[in-house]
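1. Fold the following and give me the result.
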Amino acid sequence: MVAEAPQEQTGHGRNASGPGWFIVNAAECGWYSHPKFGDFAKFEGATRFEQIGVNIHVLHPGQPSCYYHRESAQENFLVLQGCCTLIIAGQERALKTWDFVHCPPDTEHVFVGAGEAPCALLMIGARAPDLKIHYPVHATAAAHGASAASATDDPREAYADLGRSEPMASPWAGLVGGDS
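-> Now for the predicted structure:
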């Protein structure tokens with residue numbers, strides 16, 4: 001039997017502080033912000049999920065989610081709110097609320113906030129012990145500020161010139177629903 005994970009409350013949210021199952025509301029979990037790459041919910045807390053990564057990423061208009069890249073594992077995305085531009089396999093595609101994107105392994109992609117309001121994306125990705133990632137230089141992504149300066153397989157190199165994400169208050173604090 002798997003035990004419930006202990007949880008801790010920090011100044012920027014509540015997260016699991018050890019192994020086990022847990023429940024946390026996205027409006028109450030730990031959130032982080034990066035000036036270039038937007039805001040995201042970190043559901044994992046102190047224990048990294050072994051098989052699947054999951055987060056909610058909020059992009060303001062013009063903000064890329066990361067640098068254009070491909071991974072050796074599949075990823076899936078659902079636009080929860082707002083709109084964004086997906087750059088996928090070198091093409092731009094406009095996405096809106098409830099659009100779903102499946103990226104098989106080795107699909108180059110990045111999301112960029114669009115419109116006049118923030119865009120919230122549910123991001124789910126497989127994790128493999130031998131996961132490989134590549135950041136190509138790409139003109140379309142670069143036009144959106146979403147391309148690494150030089151091609152690399154090392155995320156630390158791709159993001160070397162950028163600071164770390166900082167803890168923040170949830171953008172949905174106070175919106176925790178009750179009975180429906």
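2. Next, name the residue at the spatial heart of this structure.
-> Centroid-nearest residue in the chain: His57, 4.5 Å away (criterion: C-alpha atoms, centre = their mean).
3. how close does that residue sit to Ala151?
-> 24 Å (C-beta to C-beta, to the nearest Å). Any C-beta I mention is one placed from the backbone N, CA and C, and that applies to glycine too.
4. before we move on, the earlier item: pairing partners for the residue nearest to the centre of the chain in the sheet, please.
-> Phe40, Leu121 (DSSP bridges).
5. pretty sure it is touching His34, no?
-> No - applying C-beta atoms under 8 Å, one finds His57 not in contact with His34, separated by 10.1 Å.
6. how about Thr140, secondary structure?
-> What DSSP: H, G, I helix; E, B strand; the rest coil gives for Thr140 is helix.
7. Could you tell me how far it is located from Ala94?
-> According to C-beta to C-beta, Thr140 stands 14 Å off from Ala94.
8. more crowded one of these two?
-> A side-by-side neighbour count of Thr140 and Ala94, using other C-beta atoms under 10 Å, places Thr140 first with 15 against 11.
9. The spatially closest residue to that one that is not a sequence neighbour bridge partners, please.
-> Nearest residue to Thr140 in three dimensions, chain neighbours excluded: Ile87, at 5.5 Å (C-beta to C-beta, 6 or more residues apart in numbering). Ile87 has the following beta-bridge partners by DSSP bridges: Glu92, Val110.
10. those helices in this protein, which residues are they?
-> Remark: helices assigned in the chain by DSSP state H are 139-143, 155-158.
11. Tell me which of those sits nearest to Asn15.
-> Checking the helices of the chain against Asn15 by C-beta to C-beta gives helix 155-158 as the closest, at 22.6 Å.
12. What residues sit buried inside the closest one?
-> Buried positions in helix 155-158, judged by neighbour count with 16 or more other C-beta atoms under 10 Å: Ala158.
13. same thing with stretch 38-52?
-> Buried-residue list, stretch 38-52, by 16+ other C-beta under 10 Å: 38-43, 45.
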